[in-house]
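> curious how this folds, go ahead:
(one chain, ligands or ions: 2)
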Amino acid sequence: MSSVTVLCQSTNCPHGNPPSKLECPTCNKLGIRGSFFCGQECFKGNWKTHKIIHDLARPPATTANPLQDGTFNPFVNYDYTGTLRPVYPLTPKREVPAHIPRPDYAISEDGVPTAEIKRSGQPPRLLDTGEIEKMRTACRFGREVLDIAAAMVRPGVSTDEIDAVVHQATIERNAYPSPLNYRNFPKSLCTSINESICHGIPDRRKLQEGDIINLDISLYYDGFHSDLNATYPVGEIDEDSKKLIRTTRQCLDEAIKVCKPGALFRDIGKVIEPIARANGCAVVRTYTGHGINDLFHTAPNIPHYAKNKAVGTMKPGMCFTIEPMINLGSNWDVQHWPDNWTATTVDGKRSAQFEETLLITETGVEVLTAGKSTDL
Ligand code: MF3
Ligand code: CO
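Ligands and ions are numbered 1, 2, ... in the order given. From the prediction side, this is the model:
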């Protein structure tokens, strides 16, 4: 129940727009707040202009789905930076069988990762051989799940359908999907399309020919997290998008090549930014790579841009991610949707990302999440 008073929304209320209790039932159903009228007279009198807002809230009818189907854009009044729109309602929260061990934030009401916060400020953990073996397994499972998800990418498939398959594939491996309830994130993977940089929420939007989509998989198995992502074309994509994806993969691959004992975390951005710039792209600064082990996000913090002030030196036994987010054009800024998750470019241009989980060995680096296509 809301105790906020809303004035009559009529543009020509004969009663001087008093506080009103009669809510437009269509707006209520669509999740549009504040559509109150002082009486039937004002509601009916404004119907012609008012009903336009309903159509704006609904996604456009497509040939595959010519009828209105109860889906809607939850943030009608938000000034989107591009053309991507969420398609709500989200599906209900997916359950994880009780026998599967889960991280602390999975069980808490507020999704706060308490152990991560407790250990913040501590230096990066060095894993022993037993722990490294567990990281290898978690990362192998992560790669398997990403490949399963990637095989679904084609026009007409919704990101929620991908979420369902990822969730199932994860729990089949007796693993917990790390994003689920992390700081209250509602789904089991992140799906970031076109101008979305990262942390997109799987919803009912169907992939369209020409889209690019990043699938970001993380899972928790036997006490350890893995984290990897990749960007894929949906059908035929334009040349700029192809170049963006190629450039982003190259940024990650070149950054991995400089990883070894004694290398500085701050030098990773020094490798990435010139590659991005040479290809007419910008490096996102808001999000970074991170240590990963029994905690999902922990020390070290790894910026992807040049001239950063990251502290620390790589040592054998450290596990961390590199996950550059690269935007077409020169703008690296981020703007969030009102869902407080989806990060988008501010100019609506496209963004791509690739991520691997790495282990520093005695002699160099092991890409724990490596797929068959990674020629390192
Ligand atoms: N996988 C993302 C990362 O690379 C985090 C996604 S979990 C979320 O850090 F809850 F933050 F979405
Ligand atoms: Co990550």
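
> gap between the closest residue to Glu116 other than its chain neighbours and Val234?
What sits nearest to Glu116 in space, not counting adjacent residues and going by CB to CB, 6 or more residues apart in numbering, is Leu295, at 5.0 Å. For glycine as for every other residue, the C-beta is placed from the backbone atoms N, C-alpha and C. Per CB to CB, to the nearest Å, Leu295 is found 34 Å from Val234.

> tell me where this structure has helices.
Listed from the start of the chain, the chain has helices (DSSP state H) covering 25-30, 40-45, 47-50, 52-57, 104-107, 114-118, 129-150, 159-172, 239-257, 268-278.

> quick one on the thing from earlier: what about the residue nearest to Glu116, how many residues nearby?
Residue neighbour count, defined by other CB atoms under 10 Å, stands at 22 for Leu295.

> repeat for the one 5 residues further on
If you count neighbours by other CB under 10 Å, Pro300 ends up with 20.

> ok, now Gly269?
For Gly269, using other CB under 10 Å, the count is 25.

> check the one 5 residues further on too.
Taking other CB under 10 Å as the criterion, the count of residues near Pro274 is 14.

> contacting residues for the closest residue to ligand 1 within the stretch 1-150 of the chain?
As assessed by CB to the nearest ligand atom, ligand 1 sits closest to Gly111 within the stretch 1-150 of the chain, at 8.4 Å. Taking CB atoms under 8 Å, 6 or more residues apart in numbering, we find Gly111 in contact with 105, 181-185.

> skip the chain neighbours and tell me the closest residue to it.
Nearest non-adjacent residue to Gly111 (CB to CB, 6+ apart): Asn184, at 3.8 Å.

> now, of the contacts of Gly111, which are buried?
For those, a burial check counting by 16 or more other CB atoms under 10 Å picks out 105, 181-182, 185.

> now these in a markdown table, with distance to Ser10 and pLDDT?
Below are the buried ones among the contacts of Gly111 laid out as a markdown table (distance: CB to CB, whole Å; pLDDT from 0 to 100):
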| residue | distance to Ser10 | pLDDT |
| --- | --- | --- |
| Tyr105 | 46 | 98 |
| Asn181 | 43 | 98 |
| Tyr182 | 44 | 98 |
| Phe185 | 40 | 98 |
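
> give me the subset of these touching ligand 2.
Near ligand 2, judged by CB under 5 Å from the ion, there are no entries from the buried ones among the contacts of Gly111.

> quick one: name the residues of the stretch 201-350 of the chain near ligand 1.
Residues of the stretch 201-350 of the chain lying near ligand 1 by CB under 6 Å from any ligand atom: 216, 218, 227, 297, 323.

> please name the nearest non-neighbouring residue to Arg249.
Phe354 (5.2 Å).

> my guess is the one you found contacts Thr247. True?
No - applying CB atoms under 8 Å as the test, Phe354 and Thr247 come out as separate, 10.2 Å apart.

> let me see the domain layout of this protein.
Following the assignment in automatic domain parsing, the chain carries domains at 6-57, 104-367.

> and those domains as TSV, adding distance to Pro92?
TSV is the format used below for the domains of the chain (distance: least, CB to CB, whole Å):
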stretch	distance to Pro92
domain 6-57	16
domain 104-367	10
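
> which of those has the lowest average pLDDT?
Set side by side, the domains of the chain give their lowest mean pLDDT on domain 6-57, at a mean of 88.

> where's that domain relative to the chain centroid, distance-wise?
35 Å (CA atoms, centre = their mean, to the nearest Å).

> now stretch 311-330
Worked out by CA atoms, centre = their mean, stretch 311-330 lies 17 Å from the chain centre.

> got the CA positions of that stretch in CSV?
Written as CSV, here are the backbone C-alpha positions of stretch 311-330 (Å, rounded to 0.1, in the frame of the first residue of the first chain):
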residue,chain,number,x,y,z
VAL,A,311,48.8,-2.0,-6.5
GLY,A,312,50.5,-5.3,-6.4
THR,A,313,52.7,-7.8,-8.2
MET,A,314,51.6,-11.1,-9.7
LYS,A,315,52.7,-14.2,-7.6
PRO,A,316,52.3,-17.9,-8.2
GLY,A,317,49.0,-19.2,-6.7
MET,A,318,47.1,-16.0,-7.4
CYS,A,319,43.8,-16.3,-9.3
PHE,A,320,42.1,-13.3,-10.9
THR,A,321,40.1,-12.2,-13.9
ILE,A,322,40.8,-9.9,-16.8
GLU,A,323,37.6,-8.7,-18.4
PRO,A,324,38.0,-5.6,-20.6
MET,A,325,34.8,-3.8,-21.6
ILE,A,326,35.4,-1.9,-24.8
ASN,A,327,33.1,0.7,-26.3
LEU,A,328,32.8,1.8,-30.0
GLY,A,329,33.9,5.4,-30.2
SER,A,330,35.6,7.5,-27.6
